[in-house]
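Colleague: Mind folding the following:
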Amino acid sequence: MSKRDVVITGVGLVSSLGEGLEANAAAMADPSCLNLDETTYAPYRVHPAVPLELDRQIPKKLDQKQMEPWQRLGAYAAGLALENAGLKGDKERLSTMQLIVGCGGGERDYAVDGQILSDLPKADNPGQLLNEKLMSELRPTLFLAQLSNLLAGNISIVHGVTGASRTFMGEEQAGVDAVRIAFERIRAGQGDAFLVGGSYNAERADALLIYAMGGFLRHAPFAPVDQRADDPGLYLGSGGAFLVLEARETAEARGASILAVLKGVDSRRSRRVPGSVGAALGEAFKALPAASGRVAVMSGATGIAGITNEEIAALPAVPVRFTASRLGHMTEAQFPAGIALAVESLRSGALPAPAAGSSETEAEGEPEAIYVTSVGHMRGEGLALVVRAH
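Modeller: Down below sits the predicted model:
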């Protein structure tokens with residue numbers, strides 16, 4: 001049986017630059033547009049999410065209240081994608097739509113963490129103290145709110161997407177594989193419509209601590225991703241990105257507008273020895289269909305030493321846009337966000353403006369095909385090919 005075409009009919013994007021594709025595209029048309037919080041978490045910098053009117057996509061206050069910020073960002077972006085696809089409130093179609101989410105866990109209770117860390121050095125029996133604190137101080141509801149699959153659960157509750165649901169954890173690669181598996185299942189006839197994406201809240205001290213301990217954060221003042229050799233590292237960014245993927249015949253049967261075509265998704269995991277990232281991306285490019293016409297790259301590069309240089313060297317000689325220079329690094333949501341920006345560029349016929357101070361170059365003519373990359377800060381490489389709707 002021949003493989004089915006996979007089309008993108010809906011996109012929802014929330015970032016530090018705006019809500020929705022049009023707002024993000026308008027902001028990125030300005031080379032110097034940037035939303036960076038340099039003081040709250042100094043010496044580290046964060047791209048904070050724009051304020052949202054949550055009632056527009058999460059109407060019930062009780063639902064809003066019981067979600068943590070990363071869940072609100074994801075549920076909101078998912079609502080935007082369904083709205084963009086013309087599926088918002090379509091109970092019949094949403095009841096069979098499948099959901100795949102890439103996301104991390106929830107936030108810490110800083111007060112309890114601080115109390116435990118203060119008391120442990122003074123305890124005669126640290127193990128016993130830790131067990132007592134965990135049993136007496138942590139609320140069961142706090143633990144439940146940290147479960148990663150609650151984002152999918154909240155999307156199901158708020159938006160009525162009640163088909164099969166999967167949640168992947170694993171940083172950037174979770175977002176890559178969420179898209180890849182939805183793509184492959186549609187192509188193989190194992191599903192007709194998927195809502196797929198992820199979200200990340202960068203505005204949390206515990207996340208910054210973890211990345212700082214790993215040596216992944218940049219301390220120096222802002223520089224675009226490709227200009228961080230003086231102090232390699234990333235700036236985290238808050239946001240959410242979701243896509244509605246459908247079989248072409250399913251989309252056409254309901255009269256949906258096709259925004260772009262997803263031609264292929266490849267996922268790899270190199271050993272991360274010198275040269276391995278470039279080799280993995282080289283193999284990924286070979287595995288995907290060859291792009292024709294005017295081609296561009298939407299890169300999810302981090303700015304971390306070594307791997308960013310390898311990625312840049314492995315890219316074809318076409319116009320490149322580094323998404324993290326504008327949005328920050330959104331880990332699980334980075335790959336879906338790159339695809340979202342690729343869709344908008346193909347739809348509008350224009351790439352984002354080259355970021356101020358970067359090596360990005362102007363593009364001649366309207367892009368017809370865009371590769372989207374994801375090279376994880378620690379592990380995993382991904383590549384997608386998105387082409388103009390036809």
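Colleague: Spatially nearest residue to residue 242 (excluding sequence neighbours)?
Modeller: Using C-beta to C-beta, 6 or more residues apart in numbering and skipping the chain neighbours, the partner closest in space to residue 242 is residue 197 (3.2 Å). All C-beta atoms are positioned from the backbone trio N, CA, C, and that covers glycine.
Colleague: distance of that neighbour from residue 98?
Modeller: Counting by C-beta to C-beta, to the nearest Å, the gap from residue 197 to residue 98 is 13 Å.
Colleague: what does residue 129 give?
Modeller: With C-beta to C-beta as the criterion, residue 129 and residue 98 are 45 Å apart.
Colleague: ditto for residue 309
Modeller: 38 Å.
Colleague: Likewise for residue 241?
Modeller: Noted for residue 241: a distance of 18 Å to residue 98, by C-beta to C-beta.
Colleague: more neighbours, these two?
Modeller: The neighbour count for residue 241 versus residue 98, taken as other C-beta atoms under 10 Å, is higher for residue 241 (36 against 22).
Colleague: Which residue, other than its chain neighbours, is closest to residue 77?
Modeller: residue 240 (3.3 Å).
Colleague: so what's residue 236 up against?
Modeller: Applying C-beta atoms under 8 Å, 6 or more residues apart in numbering to residue 236 gives the contacts 46, 47, 200, 202, 207, 208, 211, 217, 328, 329, 330, 331.
Colleague: Go again with 10 Å.
Modeller: Counting by C-beta atoms under 10 Å, 6 or more residues apart in numbering, residue 236 makes contact with 41, 44-48, 200-204, 207-208, 211, 216-217, 324, 328-331, 377.
Colleague: repeat for residue 81
Modeller: Residue 81 neighbours (C-beta under 10 Å, 6+ apart): 8-13, 21, 87-88, 159, 195-197, 240-245, 336, 340.
Colleague: if I look at the residue nearest to residue 77, how far off is residue 123?
Modeller: 41 Å.
Colleague: Please say which of those two ends up with more neighbours.
Modeller: Shown here are residue 240 and residue 123; by other C-beta under 10 Å, residue 240 has more neighbours (35 against 14).
Colleague: Neighbouring strands - and their directions - for whichever helix or strand the more buried one is part of?
Modeller: Under the criterion of DSSP states H and E, residue 240 resides in strand 239-247. Strand 239-247 pairs in its sheet with strand 6-14 (antiparallel), strand 193-200 (antiparallel), by DSSP bridges.
Colleague: list the helices and strands the helix or strand following the longest one packs on?
Modeller: Where DSSP H and E defines the elements, the next helix or strand beyond strand 6-14 is helix 21-28. Applying 3 or more C-beta pairs under 10 Å, 6 or more residues apart in numbering; DSSP states H and E, one finds that helix 21-28 contacts strand 6-14, helix 69-84, strand 239-247, helix 324-327, helix 334-348.
Colleague: deepest of those, which one?
Modeller: Counting by mean count of other C-beta atoms under 10 Å, strand 239-247 has the highest mean neighbour count of those, with a mean of 31.
Colleague: and that strand, how far from the chain's centre?
Modeller: Per C-alpha atoms, centre = their mean, to the nearest Å, the displacement of strand 239-247 from the mean C-alpha position of its chain is 10 Å.
Colleague: Using PDB, list the CA coordinates for that strand.
Modeller: Extracted C-alpha coordinates of strand 239-247, given in PDB (Å, rounded to 0.1, in the frame of the first residue of the first chain):
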ATOM      1  CA  GLY A 239       6.400  28.700  25.200                       C
ATOM      2  CA  GLY A 240       4.200  26.100  23.600                       C
ATOM      3  CA  ALA A 241       3.900  24.800  20.100                       C
ATOM      4  CA  PHE A 242       1.200  22.400  18.700                       C
ATOM      5  CA  LEU A 243       0.500  21.200  15.200                       C
ATOM      6  CA  VAL A 244      -2.600  19.500  13.700                       C
ATOM      7  CA  LEU A 245      -1.400  16.800  11.300                       C
ATOM      8  CA  GLU A 246      -3.800  15.000   9.000                       C
ATOM      9  CA  ALA A 247      -3.900  12.600   6.100                       C
END
